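Asks: Turn this into a model:
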Amino acid sequence: MKPVATILSVAALAVVFIVPADALETPSHDFEGAGISAVASGPFPATLPDIQAQVLTPSCALSFCHGAGMAGGMNLEDGNSYSNLVGAPSLVNPGATRVIPFDPDNSFLICKLEACPTIVGSQMPLIGGPLGQDVIDVIRTWILIGAPETPPVSVDPESWGRVKSSYR
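Replies: Next up is the predicted model:
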């Protein structure tokens, strides 16, 4: 049993010393050379966990709005927002989809946030007034990169090669 524990300890130390610290941070990922980064130039990264923490939970997932009350049949509480947004049909605008991955211009969520000319209902969020364009741009970027449920993971290829070779 002792050799197994020793091997596991050595492997754990190898990962700690081989993988650079910045590889464990939120990555900036270039999507197919398009220059689109998950680390937004806006006020926070364009990831669902950051959008949830910065926008959805404090501004939308209130009990009387898109929390337990599920206005418009939409629950935006943490753990529910992805399935209620991405690929989900709008109940207030039949034929519209709340979030269409890679297509923010045709996502009804953006229409509701920017008060587009074809909006059905009120501009969102109702509480606290409209979001700043810099915040909406973060949400646009998230949709543009495919509206992933979890942030993309990026590892430096040189470091990853060293990690892989240590397991051969």
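Asks: any idea how this structure splits into domains?
Replies: Taking automatic domain parsing as the criterion, the chain consists of the domains 1-25+155-168, 28-152.
Asks: Would you mind finding the most buried of those domains?
Replies: Across the domains of the chain, averaging neighbours per residue (mean count of other CB atoms under 10 Å) puts domain 28-152 on top, at a mean of 17. (Each C-beta comes from the backbone N, C-alpha and C, glycine too.)
Asks: which other residues reach the helix or strand in which Ser83 is found?
Replies: If you go by DSSP states H and E, Ser83 is part of helix 81-85. Here helix 81-85 makes contact (CB atoms under 8 Å, 6 or more residues apart in numbering) with 48, 52, 56, 61, 66, 74-76, 98-99, 109, 147, 149.
Asks: Stretch 106-121 too?
Replies: Contacts for stretch 106-121 (CB under 8 Å, 6+ apart): 72, 85, 90, 92-93, 96-100, 104, 123-124, 130-131, 136, 139-140, 143.
Asks: In helices, which of these fall?
Replies: In helices, defined here by DSSP state H, the members of those are 85, 136, 139-140, 143.
Asks: got JSON lines for the residues you listed, with pLDDT and distance to Val155 too?
Replies: Shown next, in JSON lines, are those (pLDDT from 0 to 100; distance: CB to CB, whole Å):
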{"residue": "Leu85", "pLDDT": "97", "distance to Val155": "28"}
{"residue": "Ile136", "pLDDT": "97", "distance to Val155": "31"}
{"residue": "Ile139", "pLDDT": "97", "distance to Val155": "27"}
{"residue": "Arg140", "pLDDT": "97", "distance to Val155": "27"}
{"residue": "Ile143", "pLDDT": "97", "distance to Val155": "25"}
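Asks: Perfect, I'm done here.
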